[in-house]
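# below is the sequence, then the predicted model.
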Amino acid sequence: MSGIIETAANVNGAVNAVVWGPPMIALILAVGVYMTVRTKFFQLSHARHVARETLFAIFRKKSVTKSDDKNAISQFQALSTALAATIGTGNIAGVATAIAVGGAGAVFWMWVSAFFGMMTNYSENVLGIYYRKRNDKGEWSGGAMYYIENGFKGTKAAPFARPLAVLFCVFCVLASFGIGNMSQINSIAAAMEISFEIPKIVTGVLLAVLAGLVIIGGIKRIAGVTERLVPFMAVAYIIASLVIFFSHIAEIPAVFVDIFRGAFGIQAVGGGVSGALMKQAVTIGFKRGIFSNEAGLGSSVMVHSASNVKEPVVQGMWGIFEVFFDTIIVCSLTAFTILSTGVLGSGVADQEGGVALMTEAFSTFFHQSAGGLLSVAVLLFAFSTVLGWSFYGSKALEYLLGIKAALVYKVVFVLFIIAGATMNLRLAWNISDTLNGLMAIPNLIGVLGLSGRVFAITRNYINRRLKGIKEEPMLSAYPAAQTEQAAAR
């Protein structure tokens with residue numbers, strides 16, 4: 001048995017080296033660069049409009065936080081559920097480990113990947129809204145599988161569209177049990193056992209019950225929980241990190257120097273340039289950014305497509321905000337907390353992992369309560385990720401086998417929570433990590449192949465909404481949905 005496990009691990013390791021290797025990272029980055037350039041740096045040139053239609057709209061537009069459509073969720077709920085899936089243990093342990101491995105310079109390249117990733121996520125959401133459909137329950141169903149299959153109809157790529165969409169869904173369903181379920185639950189169970197001496201099986205059962213009550217209720221209940229949980233956990237973590245930030249404010253200039261020196265492989269002593277150091281910082285920084293915000297993987301577009309929004313570009317702008325908040329805000333605060341407190345290089349991360357490094361940083365201000373605070377943060381971050389990924393997996397299976405199969409999936413998904421709390425998941429984590437990356441291949445083919453549609457929809461929106469030019473709105477690829485959305489406007 002051990003021989004089979006070892007062989008599986010070796011095979012997966014070889015595949016993972018390709019899936020998350022330099023070529024794939026370069027491809028994901030290249031798509032973001034291409035979409036950024038072709039939209040004339042939309043995330044910068046229209047930053048004020050993006051902020052007005054997302055963050056500030058929460059406080060001034062009722063339609064952003066409330067949905068009149070009983071079968072759709074609000075724009076804010078869609079964002080919260082998407083953030084629930086992306087803001088996970090990786091924002092704490094992942095960033096800490098990335099800095100321990102790649103140095104402070106990894107933070108700069110994480111920012112670069114997020115900057116271009118904003119437009120990849122924007123493009124996914126524009127296509128998701130434009131090609132979404134109502135399912136048998138009247139709910140919106142959208143995602144990479146829908147725009148891959150339906151966007152390529154009538155083109156030379158049509159014969160390959162359905163197989164690519166199916167592959168995307170298969171990878172998504174399998175990854176949801178690992179990276180979206182068991183690995184997250186395992187992190188929670190370990191943290192609860194270390195900090196509060198709660199047995200892992202007890203944590204697993206309790207979380208399975210809680211998750212089951214939410215997940216079985218569908219997207220409306222998941223969104224209802226995440227719109228309360230995500231703002232709370234994000235604000236609490238941000239406040240705690242800012243306390244550390246301001247208590248070490250004198251160190252911040254030096255932190256920026258370390259980040260930029262490390263990003264370009266400049267040695268702190270002597271000013272020499274090291275290509276090896278730069279390569280390490282670039283690789284781990286890009287990888288951490290992609291892992292964190294999932295731009296290019298095609299995951300969060302499934303929940304964004306369930307929004308009550310009418311304009312594809314509006315939901316695209318929520319995608320920009322999602323990447324900005326996840327990586328530029330949350331991940332950066334983790335990075336500054338570690339770098340400003342001087343715990344990097346203490347050997348803690350090498351011995352015990354990324355969460356231990358962040359705990360060491362928190363202890364510089366919160367002392368003995370640091371472990372408990374981080375354990376609660378891990379609990380909230382990881383549990384929210386489970387809720388978000390449960391929706392992704394159910395939507396992927398709905399596409400493959402129908403709505404009834406999605407219900408069976410939810411039950412099985414909840415049962416896997418108990419297993420995740422008690423099992424050794426190193427191989428399962430590695431395999432699901434590979435599957436998560438494989439989702440990017442069909443999705444990026446879809447985004448690139450349909451990029452012309454994204455540009456046309458974006459131009460149409462800018463002309464109508466910002467320049468006052470009268471044009472027929474591009475709201476949906478389907479006449480019935482087009483009529484429905486236009487009437488709702």
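Great, that's in hand. Numbers count the residues shown, from 1 in each chain.
# every contact and neighbour count from this point should use C-alpha atoms.
Will do.
# poorly predicted segments of this protein, please.
Using pLDDT under 70 as the threshold, the predicted model of the chain has low-confidence ranges 1-6, 8-9, 88-89, 267-277, 345-355, 424-429, 480-489.
# for it, which helix is longest?
For the chain, the longest helix by residue count, based on DSSP state H, is helix 370-401.
# what's the angle between the very next helix or strand once past that helix and helix 370-401?
Heading C-terminal from helix 370-401, the first helix or strand you meet, by DSSP states H and E, is helix 403-422. Helix 403-422 runs at 150 degrees relative to helix 370-401, counting by axes from the mean of the first three to the mean of the last three CA atoms, to 10 degrees.
# name the helices or strands packed onto helix 403-422?
helix 183-196, helix 200-215, helix 370-401 (3 or more CA pairs under 8 Å, 6 or more residues apart in numbering; DSSP states H and E).
# with mean neighbour count and distance to residue 114 added, can I get those helices in a markdown table?
Below are those laid out as a markdown table (neighbours: other CA atoms under 10 Å; distance: least, CA to CA, whole Å):
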| stretch | mean neighbour count | distance to residue 114 |
| --- | --- | --- |
| helix 183-196 | 22 | 23 |
| helix 200-215 | 19 | 30 |
| helix 370-401 | 24 | 19 |
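# I'd say residue 305 and residue 144 touch.
No. Shown here, residue 305 and residue 144 do not form a contact pair, counting by CA atoms under 8 Å, at 10.1 Å.
# neighbour count for those two, which is higher?
When neighbours are counted by other CA atoms under 10 Å, residue 144 comes out ahead of the other of residue 305 and residue 144, with 34 against 30.
# okay, now the closest residue in space to residue 12 that isn't next to it in sequence: neighbour count?
Closest residue to residue 12 in three dimensions, ignoring its sequence neighbours and counting by CA to CA, 6 or more residues apart in numbering: residue 431, at 6.3 Å. Here the neighbour count serves as a burial measure; for residue 431 (other CA under 10 Å) it reads 23.
# what's the answer for the one 3 residues further on, then?
Neighbour count for residue 434, taken as other CA under 10 Å: 23.
# cool, and residue 136?
Using other CA under 10 Å: residue 136 sits among 10 other residues.
# so how many other residues sit close to residue 423?
When neighbours are counted by other CA under 10 Å, residue 423 registers 14.
# ok, it to residue 442 distance?
31 Å (CA to CA, to the nearest Å).
# likewise for residue 111?
Where residue 442 is concerned, residue 111 sits at a distance of 25 Å (CA to CA).
# ok, residue 67 - contacts?
In this structure, residue 67 makes contact with 73-74, 308, judged by CA atoms under 8 Å, 6 or more residues apart in numbering.
# measure it to residue 475 for me?
To residue 475, residue 67 is 18 Å away according to CA to CA.
# residue 62 too?
Taking CA to CA as the measure, residue 62 falls 21 Å from residue 475.
# neighbour count for the two, which is higher?
When neighbours are counted by other CA under 10 Å, residue 475 comes out ahead of the other of residue 62 and residue 475, with 25 against 12.
# quick one: secondary structure of the more buried one?
Of the three states, residue 475 takes coil according to DSSP: H, G, I helix; E, B strand; the rest coil.
# could you pull out the helices for the stretch 1-150 of the chain?
2-19, 22-38, 42-45, 47-53, 57-60, 62-65, 75-86, 93-102, 105-130, 144-151 (DSSP state H, counting those that start in this stretch).
# now for the ones you listed, which one comes closest to residue 323?
Proximity to residue 323 (CA to CA) singles out helix 105-130 among those, at 5.6 Å.
# show me what counts as buried in the closest one.
Using 16 or more other CA atoms under 10 Å as the burial criterion, the residues of helix 105-130 that qualify are 105-130.
# one more: stretch 304-323?
304-323.
# check stretch 399-410 too.
By neighbour count with 16+ other CA under 10 Å, stretch 399-410 contains the buried residues 399-400, 403, 406-407, 409-410.
# turn those residues into CSV, including distance to residue 55.
Converted to CSV, the buried residues of stretch 399-410 look like this (distance: CA to CA, whole Å):
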residue, distance to residue 55
399, 32
400, 35
403, 34
406, 33
407, 34
409, 34
410, 32
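# ok, those vs residue 380, which is closest?
The closest of the buried residues of stretch 399-410 to residue 380 turns out to be residue 410 (CA to CA; 20.3 Å).
# next, count neighbours for the residue nearest to that closest one when sequence neighbours are not counted.
Distances taken as CA to CA, 6+ apart put residue 216 closest to residue 410, at 6.3 Å, once the chain neighbours are dropped. Residue 216 has 19 neighbouring residues, counting by other CA under 10 Å.
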